[in-house]
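>>> Need a 3D model of the sequence below.
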Amino acid sequence: MPAHIGRPVVRLARHRITTAALHEHIRTVYRHPDEPTRDHPRVAIWRRLIDNTGVQQRWWTRPLEEVTAPSGVGRRTEVAFNDALDLGEYAAREAMATVGLDAADIDAIATSHTTSFSVPNLDVHLVERLGLRPDVSRMPLATLACSGGAQALIRALDYTTARPGARVLVVVAETLSTIYHQSETTPLSMMYRALFGDSAAACVVTGMTKSTAAGLPPGFVALDPFELVMPNSLDRYWGVIDEEGLHFASTKAAARAASDALPHLLRWLDERPLEWAAIHPGGPRIIDEVLTGVGLNADKDGRHSHASLAENGNLGGAAVLDVLRRTHDNQPAAGAPGALAAFGPGFTVAALYGNWT
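Numbers count the residues shown, from 1 in each chain. Modelled structure (predicted):
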């Protein structure tokens, strides 16, 4: 059964951190080991890595000085989760209001959250905060990172297929600034600290029946999901927790992971037409390689992904929902076939094929 994905709401964190501010922070903090009055000898390399991410600004829940200060894994985890929860609540309330629904109208909630630890997790906290029905179904997802938004949409499609007409609230919240550790000076850590931003995104997925379809606004109607754990890909991306907090790590193989997954994606598409796509903005290379690989124009059809990356940074699981939000604001033609796809650690792929109503 098809499911209608409502226009996502994206809530960005409050502190705007420009790439220029990151450059200045790095230049100030990391000094030459032999001559403290001079820049660190690797500053020029670090600047290039940061600029190559394509991110002009990102939004963090805490000021730059607080994010960069060491605080220990306990405090860092607590702050990261509570900030993500606040963002998720704001986005969820607005998403329900956008489609004219109250908390009592929601049948299930699908959440994704990776950047801190909490038991109970985001789903239970949001049931309480939003006043959802106590018998609401819950689909909590964790450790999915950048594929979390697309994966939550797939679970919502599964739910509404089994229960036609049901409404699923999808909420993704990430505080990716928590991976910024001043003690790390590897090229990879410099790139990651520039790449990621904090946010939450939410939308309502409605199972389409004759009665529900009549009142739905234009949007993406999902028809066919795709999930992939790419064989022999555990060496691409992963997370590590130590006494400082959460870290992301990867190998050089990560750079070609999206292109390596393309043959699997193309077999699933099976030459079905595509007139638009919402591709996870994991980086400029990911956007361009995937769009070109599926036969679309990287500049034209990737403009929303590139804009999201430049203006917000990589928002993790919420990023693809931000791209879909931008697609809503510049809608494809009615009936236009398209797809949504995101990529996560593992290496994993989560995608949906459908059309625009």
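>>> What are the boundaries of the strands in the stretch 151-300 of the chain?
For the stretch 151-300 of the chain, the strands defined by DSSP state E, counting those that start in this stretch occupy 167-175, 198-207, 220-229, 237-242, 245-250, 276-279.
>>> Could you name the helices and strands sitting against the third one?
Going back to what we said before, that points to strand 220-229. strand 3-5, helix 148-162, helix 257-269, strand 337-344, strand 348-356 (3 or more C-beta pairs under 8 Å, 6 or more residues apart in numbering; DSSP states H and E). To be clear about C-beta, it is placed using only N, CA and C from the backbone, and glycine gets the same treatment.
>>> Compile these into a markdown table and extend it with columns for mean neighbour count, distance to residue 292 and mean pLDDT.
Putting those into a markdown table (neighbours: other C-beta atoms under 10 Å; distance: least, C-beta to C-beta, whole Å; pLDDT from 0 to 100) gives the following:
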| stretch | mean neighbour count | distance to residue 292 | mean pLDDT |
| --- | --- | --- | --- |
| strand 3-5 | 26 | 25 | 98 |
| helix 148-162 | 25 | 20 | 98 |
| helix 257-269 | 17 | 9 | 96 |
| strand 337-344 | 25 | 13 | 98 |
| strand 348-356 | 23 | 16 | 98 |
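>>> Break this structure down into its domains, please.
3-213, 220-356 (automatic domain parsing).
>>> spatially speaking, which residue is in the middle of the protein?
residue 317 (2.4 Å; C-alpha atoms, centre = their mean).
>>> in terms of contact, does that residue touch residue 112 like I think?
Yes. Between residue 317 and residue 112 there is a contact at 4.5 Å, judged by C-beta atoms under 8 Å.
>>> Checking the residue nearest to the centre of the chain next. Helix, strand or coil?
With DSSP: H, G, I helix; E, B strand; the rest coil as the basis, residue 317 sits in helix.
>>> wait, what's in contact with it?
112-114, 144-152, 172, 174, 201, 342, 344 (C-beta atoms under 8 Å, 6 or more residues apart in numbering).
>>> Could you rerun that using 7 Å?
Contact analysis of residue 317 by C-beta atoms under 7 Å, 6 or more residues apart in numbering lists 112, 114, 144, 145, 146, 147, 148, 149, 172, 174.
>>> likewise residue 318?
Counting by C-beta under 7 Å, 6+ apart, residue 318 has contacts 10, 149, 172, 174, 199, 200, 201.
>>> Recalculate using a threshold of 10 Å.
8, 10-12, 87-88, 91, 112, 146, 148-149, 171-174, 176, 197-202, 308, 312, 325 (C-beta atoms under 10 Å, 6 or more residues apart in numbering).
>>> my read: residue 170 touches residue 108, true?
Yes. If you go by C-beta atoms under 10 Å, residue 170 and residue 108 touch, sitting 9.4 Å apart.
>>> hey, what's in contact with both of those two?
With C-beta under 10 Å, 6+ apart, residue 170 and residue 108 have common neighbours 139, 155, 156, 205.
>>> I'd say the second one and residue 123 touch.
No. In terms of C-beta under 10 Å, residue 155 does not count as a neighbour of residue 123; the distance is 11.5 Å.
>>> joint contacts of these two?
108, 110, 111, 112, 139, 140, 141.
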